[in-house]
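Participant: Provide a 3D model corresponding to the input given below.
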Amino acid sequence: MPLRHPDRPVLSQLDKILPEYCPAAAYALISDSHMARLREDLAKEIAAAGNRVELLNLPAGEWNKTRDTWHSLSDECSPRTSGATRR
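Facilitator: Below you'll find the model as predicted:
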């Protein structure tokens with residue numbers, strides 16, 4: 001069953017919105033560890049629509065949202081989602 005977000009209609013349509021408004025060879029979906037399970041379902045929906053997507057997780061907590069963390073995620077993302085567009 002598709003994941004639906006009545007309070008966040010954009011999330012429910014990402015599988016259609018991404019290719020139309022942000023075309024890319026691949027997408028990286030970044031989430032913290034608290035939201036990882038929900039984002040796994042979202043990544044599966046995006047992939048089921050024929051899009052290449054990689055789910056990357058960072059530890060939960062504001063103290064983990066640092067430049068070093070972003071740098072590590074970018075390094076991890078590059079080889080796994082070669083061709084992904086960052087916006």
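Participant: Pass me the low-pLDDT residue ranges in this protein, would you?
Facilitator: By pLDDT under 70, the low-scoring segments of the chain are 1-8, 78-87.
Participant: and the gap between the residue of it positioned farthest from its centre and T69?
Facilitator: The C-alpha centroid of the chain is most remote from W63, which lies 20.6 Å away (Cα atoms, centre = their mean). As judged by Cβ to Cβ, to the nearest Å, W63 and T69 stand 10 Å apart. Every C-beta, even on glycine, is put in place using the N, C-alpha and C of the backbone.
Participant: same check, this time on D75
Facilitator: Taking Cβ to Cβ, one finds D75 at 11 Å from T69.
Participant: ok, the two, which is more surrounded?
Facilitator: Using other Cβ atoms under 10 Å, the more surrounded residue of D75 and T69 is T69, with 14 against 9.
Participant: element containing the more buried one, please.
Facilitator: Under the criterion DSSP states H and E, the helix or strand holding T69 is helix 67-80.
Participant: cool, and L29?
Facilitator: According to DSSP H and E, L29 maps onto strand 27-32.
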